[in-house]
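[1] fold the stuff below for me.
(chains A and B)
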Protein chains: 2
Amino acid sequence: MKVMGLSRLALVAPRYADVTVRPDAIAFASGAVDVLDASHVHATLDRALAGTTHAIAMSARDREYAPPLSSLREAAVDAMSRPPDTSIAFVFGSERYGLSNDDVLRCQSRCRIETSPDYASLNLAQAVQLVAYECRQAALVSCGEAVADDAPTAATHEQREALIDHFERGLLAIGYLDPDAPKKLMPRLRRLLARARLEHEEVQWLRGIAKAMLRAKEPVPR
Amino acid sequence: MKVMGLSRLALVAPRYADVTVRPDAIAFASGAVDVLDASHVHATLDRALAGTTHAIAMSARDREYAPPLSSLREAAVDAMSRPPDTSIAFVFGSERYGLSNDDVLRCQSRCRIETSPDYASLNLAQAVQLVAYECRQAALVSCGEAVADDAPTAATHEQREALIDHFERGLLAIGYLDPDAPKKLMPRLRRLLARARLEHEEVQWLRGIAKAMLRAKEPVPR
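    Numbers count the residues shown, from 1 in each chain, chains lettered A, B, ... in the order given. Presented below is the predicted three-dimensional model:
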């Protein structure tokens, strides 16, 4: 949860009332103990959901009268696009039994994580991780926040053309290019460089190679 | 993996050579033992990547000359939109140390799972689950989206490594590379070729250039 920026954990009637301070829980939290510390234990799902505006039942199983089903991605995008004062809950069942019908009916929508039809047994920790991840993705998109990237300077048209010319002379010098039958080598090189989205700095050292090719065939000074 | 429809697991130099038949591994597989049974153990990453056409290093850490970075979603969509004969590898490091620089440079792209800047410690099992999930999502979306039949054949890992080795010898021969001060030229070349998504045919003529460089410095027969 913490890895994806989530912090509000509510536990409903856990097996051990002191679960959040038990050594194994603390060990599993591996540094994210603040999430455990800030968590709340509730006797019932109703109490846990008090104050939330929208609850999503994580349940693949089809049930009568169950709220509408969506994919995890749809559910996350929907959750994150609601007004800021909205309080959303993703509701998970226990590892072994999942959610009861009664639990599901207390939620406003239902969500299924798309898994392989051959083997759908996703464990609880993995399901929580996927939900947390999709919420973060949806939140990043809806904030317009992009992956920070100090992109390198792209090569200009002139730089690229000068490089291709230089390389061609180098390839002629080392005898790779036959001026009478160039075999479309230069268009092929252009295509490769275009796909690579050449950077300014790369033009520099690629021209170094061209220079070395030209020098390799210079007559040795005596 | 199995939950998301993935089946090909390759392990590189695991701590225990018999890891896939150890009781704890079988217990953790919880029913998906066929994935373990069909897995392969390799001595090196190169062997594990043999036959793959595109490898994605799962690594958030920035490194010099690392291949281009994308988000997990972008990487999954890109992977699933390649032609059907493509063989893609997502490459994970160990729980404790992650991937080495050398491992990352053997891959054609790099991928970061967007986590909270405050707490980015995602464990290996969770990272694998998120990757498997995004691959399945991307596959479901791209299902039916036809890939052009005449798409060029991508170069395999071995072809690319052989080319890089051949080119290095050529650059040494023409005196561009100083064996005592290679100045990171080869990592730079790797990075450029990774971005270009090298095709099989391009490997052929690029090796032709390497050959011509080597020949250019051969002593002239008398």
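
[2] only C-alpha atoms for contact and neighbour calcs from this point on.
    Fine.

[3] go ahead and flag the most central residue of chain A.
    Nearest to the geometric centre of chain A sits A:Gln137, at 6.8 Å (C-alpha atoms, centre = their mean).

[4] just want the angle from the helix or strand harbouring that one to helix B:124-142.
    When elements are assigned from DSSP states H and E, A:Gln137 belongs to helix A:124-143. Here the directions of helix A:124-143 and helix B:124-142 differ by 60 degrees (axes from the mean of the first three to the mean of the last three C-alpha atoms, to 10 degrees).

[5] could you list every helix and strand in contact with the next helix or strand after helix A:124-143?
    As assigned by DSSP H and E, the chain's next helix or strand after helix A:124-143 is helix A:157-173. Taking 3 or more C-alpha pairs under 8 Å, 6 or more residues apart in numbering or on different chains; DSSP states H and E as contact, the helices and strands that helix A:157-173 lies on are helix A:185-196, helix A:200-216.

[6] tell me the most buried of those helices?
    With neighbours taken as mean count of other C-alpha atoms under 10 Å in any protein chain shown, the helices and strands packed on helix A:157-173 reach their highest mean count in helix A:200-216, at a mean of 19.

[7] can you check the pLDDT for the residue lying closest to the residue nearest to the centre of chain A once chain neighbours are set aside?
    Distances taken as C-alpha to C-alpha, 6 or more residues apart in numbering or on different chains put B:Glu114 closest to A:Gln137, at 7.8 Å, once the chain neighbours are dropped. Reported pLDDT at B:Glu114 in the predicted model: 91.

[8] for B:Arg61, see how far away B:Glu114 is.
    12 Å (C-alpha to C-alpha, to the nearest Å).

[9] of the two, which one has the most company?
    Taking neighbours as other C-alpha atoms under 10 Å in any protein chain shown, B:Glu114 and B:Arg61 compare with B:Glu114 leading, 19 against 12.

[10] how's chain A carved up into domains?
    Structural domains annotated on chain A: A:2-143, A:157-216, as defined by automatic domain parsing.

[11] distance to B:Val3 added to the ones you listed, as JSON lines?
    Formatted as JSON lines, these follow (distance: least, C-alpha to C-alpha, whole Å):
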{"stretch": "domain A:2-143", "distance to B:Val3": "5"}
{"stretch": "domain A:157-216", "distance to B:Val3": "35"}
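
[12] right, and the helices and strands packed on helix A:157-173 - which one's nearest chain B?
    Among the helices and strands packed on helix A:157-173, the nearest to chain B by C-alpha to the nearest C-alpha is helix A:185-196 (4.0 Å).

[13] extract the C-alpha set from the closest one and format it as PDB.
    Extracted in PDB, the C-alpha atoms of helix A:185-196 (Å, rounded to 0.1, in the frame of the first residue of the first chain):
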ATOM      1  CA  LEU A 185      23.100   0.700 -47.700                       C
ATOM      2  CA  MET A 186      22.700   4.300 -47.000                       C
ATOM      3  CA  PRO A 187      18.900   4.300 -47.000                       C
ATOM      4  CA  ARG A 188      19.100   1.400 -44.600                       C
ATOM      5  CA  LEU A 189      21.400   3.200 -42.300                       C
ATOM      6  CA  ARG A 190      19.100   6.200 -42.400                       C
ATOM      7  CA  ARG A 191      16.200   4.100 -41.400                       C
ATOM      8  CA  LEU A 192      18.000   2.600 -38.500                       C
ATOM      9  CA  LEU A 193      19.200   5.900 -37.200                       C
ATOM     10  CA  ALA A 194      15.700   7.400 -37.600                       C
ATOM     11  CA  ARG A 195      14.200   4.600 -35.500                       C
ATOM     12  CA  ALA A 196      16.900   5.200 -32.900                       C
END
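
[14] returning to what we had before: what residues of the helix holding A:Gln137 count as buried?
    Within helix A:124-143, the residues that count as buried by 16 or more other C-alpha atoms under 10 Å in any protein chain shown are A:126-139.

[15] among these, which two are most distant?
    A:Gln126 and A:Ala139 (19.8 Å; C-alpha to C-alpha).

[16] thinking again about what came up before, which residues does the helix holding A:Gln137 contact?
    A:1, A:4-6, A:72-73, A:76-77, A:79-81, A:92, A:94-95, A:113, A:146, B:114-115, B:126, B:129-130, B:133 (C-alpha atoms under 8 Å, 6 or more residues apart in numbering or on different chains).

[17] buried ones from those residues, can you make that a PyMOL selection?
    Only the buried entries of the contacts of helix A:124-143 go into this PyMOL selection, using 16+ other C-alpha under 10 Å:
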select buried, (chain A and resi 1+4+5+72+73+76+77+79+80+92+113) or (chain B and resi 114+115+126+129+130+133)
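
[18] tell me which of the contacts of helix A:124-143 fall in helices.
    The helices, defined by DSSP state H, take in A:72-73, A:76-77, A:79-80, B:126, B:129-130, B:133 from those.

[19] going by distance to A:Ala55, which of those residues wins?
    In terms of C-alpha to C-alpha, no member of the ones in helices among the contacts of helix A:124-143 lies closer to A:Ala55 than A:Ala79, at 9.4 Å.
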